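Engineer: Structure for the following, please:
(one chain, ligands or ions: 2)
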Amino acid sequence: MGLRVGFVGAGQMAEALCRGFDAAGVAKCVDMTIIDRNQPRRDLFASWGCKIGASNEEVVKNVDVVFISVKPYAVADLLREMAPFLGPNVLVVSIAAGVTLATMEDAAGAGVPIMRVMPNTPCLVGCLAGAMSKGTSCTPEHVDTTARLLGAVGKCHEVPESKMDAVTGVSGSGPAYIYQVIEAMADGGVLAGLPRAVAQDLAARTVMGAAKMVLETGKHPGELKDAVTSPGGTTIAAVHHLEKCGVRAAFQGAVKAAADRAHELSKS
Ligand SMILES: NC(=O)C1=CN([C@@H]2O[C@H](COP(=O)(O)OP(=O)(O)OC[C@H]3O[C@@H](n4cnc5c(N)ncnc54)[C@H](O)[C@@H]3O)[C@@H](O)[C@H]2O)C=CC1
Ligand SMILES: O=C(O)[C@@H]1CCC=N1
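Structural biologist: Ligands and ions are numbered 1, 2, ... in the order given. I've put the predicted structure just below:
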């Protein structure tokens, strides 16, 4: 049987996890219980067969794993409210950027197993790039359960919690950077005369193909770039333009800005 999963907060990231888990078969919507303040969100999840909890307590009673999927600023207060009905039998998984295990364990009380996870929305299509860190009350079984769920929708690394803000900068926020790249490359295609739909399809497939080449050949991205770059050819003209525009510093700065912002959230 699949795991019984709950979501407190049924927003964008909960939606991607819910649909991803269901598609992968690791946790089915009919075995999920969710709660959200917003009626349209409740209706959407109900339309996939999820049960709607009348209270946070009801969600916890119905599940093996409860995802805390509200905005970071709301997590500690929410866990304090939930503390009376949390215990060793239900695994709490927080996906909130910047909220530390220490803050959450303090709010939830002693003995509550809490995993901190940084997922990303491509888990919806089985392409998660994420990471997890275990709390002080987690057993190897809790880590395995989290790895089983997240591993079903992509790749989830286990990292020390001190690395979680960096993970947020690369892969948690990362899909947004790449959507910008795809949109910009499609614009470039339109500028060069392609129909929009063809340009966007080519751009998205180029990103996907390049990513698969890195993952499946194991070659350094620089070596793969060199294989596309003929002397005096088209690619080096484009690569030279990107370097003049500071593309590497722009991406490095973007990742660092997101990681720094996650660190700031941990203090608020
Ligand atoms: N969107 C993303 O790509 C990612 C988001 N995250 C994390 O996921 C969390 C949620 O982010 P999103 O899904 O983007 O936000 P969102 O705003 O789409 O979802 C939050 C949901 O929680 C509900 N909510 C707020 N307080 C509540 C409460 N006390 N009880 C029940 N429902 C409540 C809201 O109505 C809303 O539907 C954040 O902590 C964020 O850091 C992590 C990785 C990626
Ligand atoms: O933008 C945010 O704060 C969340 C966390 C990672 C991705 N989205």
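Engineer: which ones are touching the closest residue to Ala107 other than its chain neighbours?
Structural biologist: Nearest-residue entry for Ala107: Leu79, 3.8 Å, with adjacent residues in sequence omitted and distances by C-beta to C-beta, 6 or more residues apart in numbering. Yep, even glycine has a C-beta here, placed from its N, CA and C like the rest. Applying C-beta atoms under 8 Å, 6 or more residues apart in numbering to Leu79 gives the contacts Ile68, Leu86, Val92, Met104, Ala107, Ala108.
Engineer: same thing but at 10 Å, please
Structural biologist: 8, 56, 68, 86, 92, 94, 99, 103-109, 112, 114 (C-beta atoms under 10 Å, 6 or more residues apart in numbering).
Engineer: ditto for Gly174
Structural biologist: Contacts of Gly174 (C-beta under 10 Å, 6+ apart): Asn120, Pro122, Ala129, Val167, Thr168, Phe251, Ala254, Val255, Ala258.
Engineer: burial measure for the first one, as a count.
Structural biologist: To tie it back to what came earlier, the one meant is Asn120. The number of residues packed near Asn120 is 23, by other C-beta atoms under 10 Å.
Engineer: go on, the second one?
Structural biologist: For Pro122, the tally of surrounding residues (other C-beta under 10 Å) stands at 19.
Engineer: re earlier: show me which of the contacts of Leu79 are buried.
Structural biologist: 8, 56, 68, 86, 92, 94, 99, 103-105, 107-108, 112, 114 (16 or more other C-beta atoms under 10 Å).
Engineer: For the stretch 1-150 of the chain, which residues are neighbours of ligand 2?
Structural biologist: Contact residues, the stretch 1-150 of the chain versus ligand 2 (C-beta under 6 Å from any ligand atom): Ala97.
Engineer: Look through the stretch 1-150 of the chain and state the residue closest to ligand 1.
Structural biologist: Gly11 (1.7 Å; C-beta to the nearest ligand atom).
Engineer: Convert the C-alpha atoms of the host helix or strand of Val207 to CSV, please.
Structural biologist: Assigned by DSSP states H and E, Val207 belongs to helix 196-217. The C-alpha coordinates for helix 196-217 follow below in CSV (Å, rounded to 0.1, in the frame of the first residue of the first chain):
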residue,chain,number,x,y,z
ARG,A,196,6.8,31.3,-31.3
ALA,A,197,5.6,27.8,-30.7
VAL,A,198,8.5,26.2,-32.6
ALA,A,199,11.0,28.5,-30.9
GLN,A,200,9.7,27.6,-27.4
ASP,A,201,9.7,23.9,-28.1
LEU,A,202,13.2,24.0,-29.4
ALA,A,203,14.4,26.1,-26.5
ALA,A,204,12.8,23.8,-23.9
ARG,A,205,14.1,20.6,-25.6
THR,A,206,17.5,22.1,-25.8
VAL,A,207,17.6,22.7,-22.0
MET,A,208,16.3,19.2,-21.3
GLY,A,209,18.7,17.6,-23.8
ALA,A,210,21.7,19.5,-22.4
ALA,A,211,20.7,18.5,-18.8
LYS,A,212,20.4,14.8,-19.8
MET,A,213,23.8,15.0,-21.5
VAL,A,214,25.4,16.2,-18.3
LEU,A,215,23.6,13.6,-16.1
GLU,A,216,23.9,10.6,-18.5
THR,A,217,27.4,11.0,-19.9
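Engineer: For the next helix-or-strand element following that helix, give me every contacting residue.
Structural biologist: Next in sequence after helix 196-217, counting helices and strands by DSSP H and E, comes helix 221-228. By C-beta under 10 Å, 6+ apart, the list of residues contacting helix 221-228 from outside reads Ala210, Ala211, Met213, Val214, Thr217, Lys219, His220, Thr234, Thr235, Ile236, Ala238, Val239.
Engineer: No further queries at this time; thank you.
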